[in-house]
Structure formats: structure tokens, C-alpha cells
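J.: Mind folding the following:
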Amino acid sequence: MTDALLAAGLAWLLVLTVLMTGIIRYVGAIQAAGGSRQPPEGGFLVDLDGPWVPSALPKRAGDVLQRNGIQSEDLIVTFFSSGCAPCFDRASQVASQVVDPDRNLFLVTGARQDLVEDMQARLSPASTRILRDPDAHDFFKALDIQSTPFVVRISNDHVVDKAYLRDPEDYRQLANRSLQSAIPIAISKNGGAT
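T.: Next up is the predicted model:
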């Protein structure tokens, strides 16, 4: 009888040890992912939005670039929604800071044609390419981005940097960062990590 109780007690202790180890690992993973930060009033943490960095460019997004003849060797893609009030302010500010129009692409999404055209007019001084729906929507959704305005940097079919545009400085910092500092791992020309 005592041997049975001792065996049951050891089995119970083993189960509790495994459960506690799992809980500790779970809490550690949450902390490592930035789980200690609190989301803003809207309940969404924009710094964690979008794809992992670095990560391969989703095929759906790559197809949009290919269909429009856009190279992805070093490309800065900025997303704006015509239904987003801050996007209108940021659009004019970002357009005035574009240094290399060929390295930039603006995506404008929205249901109301008049607002999409207004957004496009604010972006046009940058003389960079502007894609509208459905291509803008396809690209935006392929990267699983929930917030606008948002910018990503693409190098050799990989997303290597990203930022939510709280102000124009966020765009300028991402655009001015050297490509080497934007890429945490080396990515070869054929798209594989080295």
C-alpha cells in the first residue's frame, strides 16, 4: 500500500513539474516577444503589426510587383488608406521626403474614389509609382498589415524592415538606414539566407 502511495505521489510530482516547466516557458516566450508592453487605447500594438523581419515576401505580394514591372532589390513600400485620417497628413509629409522615387512605391487602398484620388494627389509630388486597388489591397493583405500608414522595406524578395508611420521621421529613418543595418541576416541574391 505504501509503495502504491509513494508511486502515485511521485507521478503527481512529475505531472506538476512538467506543468510548471510549460508555464515558465510560455511566460518566457511572451516576454521575449514583447508581451510586457501594453497595447494602446485602441487595443492594437502597431509595432508588432505586419510580417516578421526578416521574412520572405509572400508570393501574392511578389506577384503584384511582377505584374506591375516593379523590382524588389531595394524597395520601400508605403501603405496609405483613404479611410484613415492620419494617412492624409502623412501622405503629404512622406511625399516631400522621398529622395529616390524609383526605390519607392506607394499603395493606396480605399472604397471611396474621391478620397483615393485626394490621397493620390497628395502623393504625386514625390513622382514615385502609386498602385491602387486591387493591387494595393492584394499586396497589403499578403503582408498581413492591419494598420496604416505603414512602411516596409523589401530587399531581394524579403521584408527586411518595417515601421508604423507615427510621424514623417519614421519614414525618413527607415529610408535612410543602410541596407546592411536593415537586414539582420545576410540574404543572397537568389533569396536564400546565408
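J.: Give me the helices and strands touching the lengthiest helix in the chain, please.
T.: In the chain, assigned by DSSP state H, the helix with the most residues is helix 2-32. Using 3 or more C-beta pairs under 8 Å, 6 or more residues apart in numbering; DSSP states H and E as the contact test, no helix or strand touches helix 2-32. C-beta here means a position set from N, CA and C on the backbone, and glycine is covered the same way.
J.: what sits against the residue positioned nearest the centre of the chain?
T.: For the chain, Gly50 is the residue whose C-alpha lies nearest the centre (C-alpha atoms, centre = their mean; 2.9 Å). Neighbouring residues of Gly50 by C-beta atoms under 8 Å, 6 or more residues apart in numbering: Leu143, Asp144, Ile145, Phe150, Val152, Val159, Lys162.
J.: Go again with 7 Å.
T.: Going by C-beta atoms under 7 Å, 6 or more residues apart in numbering, Gly50 touches Leu143, Asp144, Ile145, Phe150, Val152, Lys162.
J.: So the second one: helix, strand or coil?
T.: For Asp144, the reduced secondary structure class is coil; criterion used: DSSP: H, G, I helix; E, B strand; the rest coil.
J.: With the last one instead?
T.: Assigned state for Lys162: strand (three-state reduction, three-state DSSP).
J.: returning to what we had before: any of the contacts of Gly50 buried? List them.
T.: For these, a burial check counting by 16 or more other C-beta atoms under 10 Å picks out Leu143, Ile145, Phe150, Val152, Lys162.
J.: these two touch, right, Leu105 and Leu75?
T.: Yes - if you go by C-beta atoms under 7 Å, Leu105 and Leu75 touch, sitting 6.1 Å apart.
J.: Looking at the two, which is more packed in?
T.: Leu105 (24 against 20; other C-beta atoms under 10 Å).
J.: Leaving out chain neighbours, which residue sits closest to that one?
T.: Distance criterion C-beta to C-beta, 6 or more residues apart in numbering; nearest residue to Leu105, sequence neighbours excluded, is Val77 at 4.8 Å.
J.: Which parts of the chain are helices?
T.: Using DSSP H, helices in the chain cover 2-32, 59-67, 85-95, 113-123, 135-142, 168-176, 179-182.
J.: So the chain: which segments form each domain?
T.: Here the domain assignment for the chain is 1-36, 48-182, based on automatic domain parsing.
J.: Now that we have those, can you turn them into CSV and tack on mean pLDDT?
T.: Below are the domains of the chain laid out as CSV (pLDDT from 0 to 100):
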stretch, mean pLDDT
domain 1-36, 79
domain 48-182, 90
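J.: Check those domains for me and report the most buried one.
T.: Most buried of the domains of the chain, by mean neighbour count (mean count of other C-beta atoms under 10 Å): domain 48-182, with a mean of 18.
J.: any idea how far that one is from the chain center?
T.: Chain-centre distance of domain 48-182: 10 Å, with C-alpha atoms, centre = their mean, to the nearest Å.
J.: How about stretch 5-14?
T.: That offset, for stretch 5-14, works out to 49 Å (C-alpha atoms, centre = their mean).
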